[in-house]
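Q: Structural data only, the sequence is not supplied:
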C-alpha cells in the first residue's frame, strides 16, 4: 500500500536557526505542496481525459454532434456546480480540523457524513432540471436541432450526476486526509471504462447498437457510476481510510456540521458558477455565429481546460496546506503555502501558453479526422482562439490558486462577490461589447474572457495577501 503522506502542521515545523539539518521553510513547503499536488493534478488531467475522449469521438461524428454536446454540457455543468459547492467545503473543513489538532477523527467523520447527506438532498431536484434540458436550450434561443440532440445527451447524464458528486465528496475527504493518490487510481480506470463505453455505444461496436449522442451520454453517465463505486471501494478497503470509519452511523445527522457545509459550500459553488457560467453562456452566445464558430470554440476551450487542470490540482493542494496552517494558527505558514502554490502554478501554465501560441494548428487538428473544407475552417478559427487562450493562461492559474487559498481560510463570501464582479461586471460585458459592438464575433468573446480572468486574478491574490497578514 502507498504510505500516508504527512501533511500535518508538524511536517512544516521550521528548523531552529543555525542547525546543520535546517531547511529553508519555503523549500520545505514547496516539497510538501508538490507531494500533495502532483497526484491531484494528474487526477484532474485524467478527468479531462474522460471529457476529451467524448469530444474527440463526437468530433468523428461531425461538427453538429460536437456542437450539440457542447451546449448540452452547459446545462449539465450548471447543475453539477450547484451540487459540488457543499462537497467542496469538505477539504478546508477537514484540513482545519486536523490542523487545530482537536478530536480530528470524530470531527472528520461528522464532516464527511454530512457532506454525503448534502448530495442526497440536492441531487433529485438537479436531476429533474436535466430532464428538461431541451426546453431550457430552446428558451435560450438555441438552434432547434442542436437543442434536441443536447436534450437527449443531458437526459442520460442526469443518471450519473449524483454519482459524480459522491466521487468528488469521497475524493475531497481522502485528499484532506493525506491520500490524494486514491482518486488517481480510480480516475485512471475510469478513462479506460469511458473510452470503451464511448467506442461501443457511439459507433456501435462489440455487438451494441450505434447510438451517437445518446451513446455518449450513456457512456459518460456509466463512467460516473463506476468512479463513485470504485472510490467507495477504496475508502472501504484502504487501511488508512478504513480506520476513519467515514460511513459509521451514516443515518445520524449533525445539523451544526450540515449548516456549516452549506454556509461555506453554497458561496463556493456560486464562486465557481460565476466563472464557469461566464464561459458556458459565452458558448451559447458563440452559437449565434454558426456551427463552425461553436465547434472551434469547443475545441479551444477544451485545450485551455486541459492545461488548466494542473494549476487546479495545485490549487486544491493549496486549500489543504493553507487549511492545515490556518487551523494551527500558523500565519507565516499560510502565506508560504499560498504564494508557493501561486508560483508553482504560474510557472507551469506559462509553458502551456507558449505551446498553445506556437502549435495551435497542430493541436486543433487532433480533434478532426477528415481534411474537409468545413473541418479546415473550424481549425483555422480554433487557432485564433488558442492564441488568445495562451495570453490568459497565467491569469487563469493565479485566479484559481488565489480563490482556493481563500477557501482554505474558510473565506467564501468575499471571493463569491469578487468572482461575480470579475466575470459578470467585467468579463461578460467586455465579451459582448467586442463581439457585437465592435463586430469581432468569436475573437471578441475570447478577448473578453481573458479580461475577466485578469480582473479575477488581481482581486483574489490581493485578498489573500491581505488576509494572510493576520
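A: Noted; the coordinates are in hand. These numbers come from a predicted model, not from an experiment.
Q: shouldn't residue 282 be in contact with residue 428?
A: Yes. Between residue 282 and residue 428 there is a contact at 7.4 Å, judged by CB atoms under 8 Å. C-beta here means a position set from N, CA and C on the backbone, and glycine is covered the same way.
Q: Between these two, which contacts overlap?
A: Contact criterion CB atoms under 8 Å, 6 or more residues apart in numbering; residues shared by residue 282 and residue 428: residue 448.
Q: what about the closest residue in space to residue 436 that isn't next to it in sequence, is that helix, strand or coil?
A: Once flanking residues are discounted, residue 436 sits nearest to residue 444: 7.6 Å by CB to CB, 6 or more residues apart in numbering. State at residue 444, reduced to three classes by DSSP: H, G, I helix; E, B strand; the rest coil: helix.
Q: okay, now residue 444: neighbour count?
A: 20 (other CB atoms under 10 Å).
Q: Over to residue 376?
A: Residue 376: 14 neighbours (other CB under 10 Å).
Q: what do you get for the one 5 residues further on?
A: The number of residues packed around residue 381, counting by other CB under 10 Å, is 24.
Q: Kindly report the same for residue 303.
A: 25.
Q: what's the nearest residue to it if we skip its chain neighbours?
A: For residue 303, the closest residue by CB to CB, 6+ apart turns out to be residue 363, at 5.8 Å.
Q: and the one you found, what is it in contact with?
A: Neighbours of residue 363 in contact, by CB under 8 Å, 6+ apart: 303, 355-356, 386.
Q: Then residue 144?
A: Counted by CB under 8 Å, 6+ apart, residue 144 has contacts residue 138.
Q: From residue 282, how far out is the closest residue to residue 451 other than its chain neighbours?
A: Among residues not flanking residue 451 along the chain, residue 430 sits closest, at 4.7 Å (CB to CB, 6+ apart). For residue 430, the distance to residue 282 (CB to CB, to the nearest Å) stands at 11 Å.
Q: Mutual contacts of the two, please.
A: residue 448.
Q: These two: which is more packed in?
A: Between residue 430 and residue 282, counted using other CB under 10 Å, the more crowded position is residue 282 (24 against 20).
Q: Could I get the average pLDDT for the helix or strand hosting that one?
A: Here residue 282, judged by DSSP states H and E, is contained in helix 255-286. Taken as a whole, helix 255-286 has a mean pLDDT of 88.
Q: Ok, stretch 319-337 next?
A: 92.
Q: And that stretch, what's buried?
A: Across stretch 319-337, burial judged by 16 or more other CB atoms under 10 Å covers 319-328, 330, 333-337.
Q: wait, which of these is closest to residue 33?
A: Nearest to residue 33 among those is residue 321, at 5.7 Å by CB to CB.
Q: any idea how far the closest residue to the closest one other than its chain neighbours lies from residue 324?
A: Of all residues not flanking residue 321 in the chain, residue 337 sits nearest, at 3.8 Å (CB to CB, 6+ apart). To residue 324, residue 337 is 8 Å away according to CB to CB.
Q: got it, and residue 44?
A: 21 Å.
Q: Likewise for residue 454?
A: 30 Å.
Q: and if you look at residue 191?
A: Counting by CB to CB - residue 191 and residue 324 are separated by 31 Å.
Q: Wait, residue 336 touches residue 25, no?
A: Yes. In this structure, residue 336 is within contact of residue 25 by CB under 8 Å, at 6.2 Å.
Q: quick one: low-confidence ranges for this protein?
A: Scanning the chain with the threshold set as pLDDT under 70 gives 1-23, 102-104, 241-242, 246, 248, 250, 369-371, 470.
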